[in-house]
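Colleague: Test case, fold it:
(2 chains)
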Amino acid sequence: MDRTQRAAARFGLGARPAERAGMVDVEGWLVGQLREGVADPPVIAALPTTDTLTARLAQARAAADDDLRDVARAILADELNARVNAALTTATPLRERLVWLFSNRFTVSSRKSEPVRALVGAFEREAIRPFVTGRFRDMLRASTLHPAMLLYLDNERSVGPNSRVGVRTGRGLNENLAREVLELHGLGVDGGYDQNDVRALAMVLTGWSLDRAAGGVRFRAEAHEPGEKILLGSPIGAVPPELEIDVALGRIASHPSTARSVCTMLVRHFVSDDPPQDAVDALVGVWRAGDGRIGPCVEALVRGPWAWDSSAQKLRTPWELVVATGRMLEAERADPDAVLRAVTALGQPVWSAPSPAGWPDEAEAWVGPEAMARRVDFAWDVGRRLGRLLDLDGLASGVVGPLSAATAAALDAAEPDDALTLLIASPEMQRR
Amino acid sequence: MSVTRRAVLGGALSLAGLGFARLGRAGVADAPRFVFVLLRGAMDGLAAVPVPGDPDWGGLGRGEVTGPSLDGTFALHPELAPLEPWFRDGDLAIVHATCMPYDQRSHFDGQDVLESGVPVAGARRDGWLGRAIGVIGAKTPAFALGDEVPLVLRGSPLVTSYDPTRSARASRAIRSTVEQLWASDPLLGAALVEARRTEALVRRAVGEPSGERSARAVAEAAGRLLAAEEGPDVVVLELDGWDTHTGQDQRLGRQLAGLATGLTALRGGLGDAWRRTVVVVATEFGRTARVNGTAGTDHGVGGAALVAGGAVRGGRVIADWPGLATGRLHDGRDLRATTDLRAILKAVVIDHLGVAPRSVDTVVFPGSSGVSAARDLVRA
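Modeller: Reported below is the predicted structural model:
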């Protein structure tokens, strides 16, 4: 096994030409990406904030419905373009992987509505990206109170039934966000909460809403449910209403079930569909020692044996496959629109997961016969367009490979037009 | 909202699993066909099939019932009105106050229980329908219409996925080379071989796919595949978008209109084979009996299922009605589930697909011997 090959595939996004030559110290290359303060790709840093975007949406809404749709689509197009660009060019691919992984845990899907479509990219940039190596509790708070999440899981309309607004209008609770914070973002479905906890958290969350005029988030005290709330066995306590959420999310973030749920997700993502228990246990120990910091847990995976075991092989999701292909081919050849069309055709349109549970991270969810046939279609489509333009021997040996004997033999035997198709379709590219 | 990967049917419906149940009927025009329609996101049973005849209906904040009445107690949502004649003709039964043995209100665990057929989420990696096909033995594969094979069909000895809307397809020569390249990879290799066989089977059964992408066209294609002599006997379709926490009237209306259109097109595609078909439309659980604070409903327990087809003894609502008074609701908020949905599914598996009752209790729905199959659901 070549450690640069494994590092680029298992922890990275697939190598770009010449990238592996720079990995003299493989662990150092990976761990260096986990330091706090590593800059975001410039194309990401250049995009506008949520406040700017919500103000733009408010203007469009005041004009006409058609404008709202067009503005939302234009914003989303910019965000998608930047995400693809960052994926194809970044020199810190492990960070990018973590962004996608946590963005999927805290799924916001553009399928919900025009405003969510416009804000889903900003959500990832503002609520996920800054925290992927930092404290999980900070990410949980940023995500829960981000306008995109408040919209996606309906909290912006949830009203305490005994609040002033609730009494006056008869409006009331919506449990959607509270349930998914406990079930998907935090403790995990068997993490030890019940319906009373869902209600309590929903009440804590009442009043957290959007300021549609000024943009951003607003706490509306007049919609907040008054009174004591009992969450996970103890009272939230007498704190100002707008601070209840900090008590609640702090309790969820520091719950042992949350540590186990996040660490299991990390091991499943980087090691195996069946996460080895000793790896999960080791990460949970690091999590505890590090006050719920994500970076040290990932570093433990980099330094531990599990991910380097050559028998453990994850299937690339469609997005991972298309990105790895684009990086191999050099970004200047990869048209972002073509990338987006390809992942959509392969069944994983960006930021469009069908439910708050996000995309599955297990091979069995991605290997339907139709899905596999589409992967070959994708390889063939790229191969016949670009196959003759590339130095295939160089790609096969220094970017994707070393190749298995079977793949090498197939490439040797292939017609020149087919060699790139076979390389993209090869197990070495389909798996990571 | 859920696991359909690509919006095959107008943004919502994907056909997951044309399964081939009493499988290998090749040449037996009278063999039973089965379609399982999986509504992901928890369809609001009390909106799809309202109960204006319940004395406590008015207290739920659900407004006036405007759809067709079924029997004086139950009615249909106005967007399901196209199905009312089916009910009158005996081709549609409604099951109400039903749920799988699961009351914890998580979509993802609820769907897992609905598909795996066992009460503990995550306990199995195969589904009740896949196992049922395994008991019968399959000569033709069970089809998922869509990209992936959903859990409910996994475990079938023959199963595939197929999307009639896919257009570009790589040459046979290159696919054959890739097949060889993957031959030593059991996961990828087997899937590609199955894809090739599936396309050939579809071509033999119904000719080249039209490539048309509308919901109606895809559902009709599913029906034609089922009707074809060499086609599948079992189909699973998945529909997303039922998680109506807010603004339910509008969103659910669109969803139910799509469901009615899809079922109508499916029936059209089936033609005479409708006579030997059972369609079960089910969801992971129902929603709160009362409207929530945002003109929607939150996750609940008891809900509704539809059982349609020419082979169904329909024209009735199957329910041990628990009532809507607060004291009668589950946890004071959700319609109680008085009919274990497994009773309905078992009836279909035994009386329609022909699985021996003993195998049903041990293999298809293990641990369900205390749940009796519904009687006389399927015409002999």
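Colleague: Give the closest residue to whichever residue of the stretch 101-250 of chain A sits closest to chain B in space, chain neighbours not counted.
Modeller: For the stretch 101-250 of chain A and chain B, the shortest gap (C-beta to the nearest C-beta) falls at A:Gly172, measuring 2.6 Å. Where you see a C-beta, it was placed from the backbone N, CA and C, and this is true even at glycine. Setting aside the residues directly before and after it, A:Gly172 is nearest to B:Gly293 in space (C-beta to C-beta, 6 or more residues apart in numbering or on different chains), at 2.6 Å.
Colleague: List the contacts of residue 124.
Modeller: All of this refers to chain A. The contact partners of A:Glu124, taken as C-beta atoms under 8 Å, 6 or more residues apart in numbering or on different chains, are A:83, A:99, A:103, A:108, A:351.
Colleague: not what I meant, chain B
Modeller: B:116-118.
Colleague: And chain A, what are its domain boundaries?
Modeller: By the assignment in automatic domain parsing, chain A contains the domains A:35-146, A:153-253, A:318-430.
Colleague: average pLDDT across the shortest one?
Modeller: Per-region confidence: domain A:153-253 scores 95 on mean pLDDT.
Colleague: What's the end-to-end length of it?
Modeller: Domain A:153-253 has an end-to-end distance of 19 Å (criterion: C-alpha to C-alpha, to the nearest Å).
Colleague: chain center to that domain: distance?
Modeller: 24 Å (C-alpha atoms, centre = their mean, to the nearest Å).
Colleague: swap in stretch A:360-370?
Modeller: Mean-position distance between stretch A:360-370 and its chain equals 18 Å (C-alpha atoms, centre = their mean).
Colleague: Chain B contacts on the stretch 101-250 of chain A?
Modeller: By the rule C-beta under 8 Å from any C-beta of the partner chain, the part of the stretch 101-250 of chain A lying against chain B is A:109, A:111, A:153-154, A:157-159, A:161, A:166, A:171-176, A:179, A:183-184, A:189, A:195, A:198.
Colleague: ok, back up a step: just checking, the residue nearest to A:Gly172 touches A:Glu175?
Modeller: No. Under the criterion of C-beta atoms under 8 Å, B:Gly293 makes no contact with A:Glu175, lying 9.4 Å away.
Colleague: overlap in contacts of those two?
Modeller: With C-beta under 8 Å, 6+ apart, B:Gly293 and A:Glu175 have no common neighbours.
Colleague: for the stretch 201-350 of chain A, what spans make up the strands?
Modeller: In the stretch 201-350 of chain A, the segments counted as strands under DSSP state E, counting those that start in this stretch are A:208-210, A:217-219, A:230-231, A:234-235.
Colleague: Mean neighbour count, those strands: which tops it?
Modeller: Most buried of the strands of the stretch 201-350 of chain A, by mean neighbour count (mean count of other C-beta atoms under 10 Å in any protein chain shown): strand A:208-210, with a mean of 23.
Colleague: which of the residues in stretch B:330-342 are buried?
Modeller: Neighbour counts over stretch B:330-342 (16 or more other C-beta atoms under 10 Å in any protein chain shown) mark B:330, B:333-337, B:339-342 as buried.
Colleague: try stretch A:219-228
Modeller: A:219-220, A:223-225.
Colleague: So the residue of chain A positioned farthest from its centre versus A:Glu222, what's the distance?
Modeller: Within chain A, the residue lying farthest from the chain centre (C-alpha atoms, centre = their mean) is A:Arg168, at 40.0 Å. With distances taken as C-beta to C-beta, to the nearest Å, A:Arg168 is found 9 Å from A:Glu222.
Colleague: likewise B:Asp103?
Modeller: With C-beta to C-beta as the criterion, B:Asp103 and A:Glu222 are 35 Å apart.
Colleague: Could you list the buried residues of stretch B:136-148?
Modeller: For stretch B:136-148, the buried set under the neighbour-count rule, 16+ other C-beta under 10 Å, comprises B:136, B:138, B:140-148.
Colleague: whoops, I mixed them up, stretch A:121-132
Modeller: The neighbour-count check on stretch A:121-132 (16+ other C-beta under 10 Å) flags A:121-129, A:131-132 as buried.
Colleague: What's the end-to-end length of it?
Modeller: In stretch A:121-132, first residue to last residue: 16 Å (C-alpha to C-alpha).
Colleague: Also stretch B:283-299?
Modeller: Its first and final residues considered, stretch B:283-299 spans 12 Å by C-alpha to C-alpha.
Colleague: Equivalent analysis for stretch A:145-162, please.
Modeller: The straight-line separation of the ends of stretch A:145-162 (C-alpha to C-alpha) is 22 Å.
Colleague: just stretch A:417-431 next, same as before
Modeller: Span of stretch A:417-431 from end to end, C-alpha to C-alpha: 23 Å.
Colleague: list the buried ones in it?
Modeller: Using 16+ other C-beta under 10 Å as the test for burial, stretch A:417-431 gives A:418-431.
Colleague: what about the residue in the stretch 201-350 of chain B that chain A sits nearest to, neighbour count?
Modeller: Closest contact between the stretch 201-350 of chain B and chain A, by C-beta to the nearest C-beta, is at B:Gly293 (2.6 Å). Using other C-beta atoms under 10 Å in any protein chain shown, B:Gly293 has 27 other residues around it.
Colleague: residue contacts, residue 328?
Modeller: Unless you meant another one, I'm taking chain A. A:14-17, A:395, A:399-400, A:429.
Colleague: should've been chain B
Modeller: The contact partners of B:Arg328, taken as C-beta under 8 Å, 6+ apart, are B:322, B:336.
Colleague: Ok, B:His107 next?
Modeller: The contact partners of B:His107, by C-beta under 8 Å, 6+ apart, come to A:355-357, B:2, B:40-42, B:243, B:284, B:299.
Colleague: which of the residues you listed has the weakest pLDDT?
Modeller: Ranking those by pLDDT puts B:Ser2 at the bottom, with 33.
Colleague: What's the local residue count around the closest residue to B:Pro52 other than its chain neighbours?
Modeller: Nearest non-adjacent residue to B:Pro52, counting by C-beta to C-beta, 6+ apart: B:Val65, 4.2 Å away. Counted by other C-beta under 10 Å, the residues lying close to B:Val65 total 18.
Colleague: Surely B:Val65 is within a strand?
Modeller: No. Applying DSSP: H, G, I helix; E, B strand; the rest coil, one finds B:Val65 to be coil, outside a strand.
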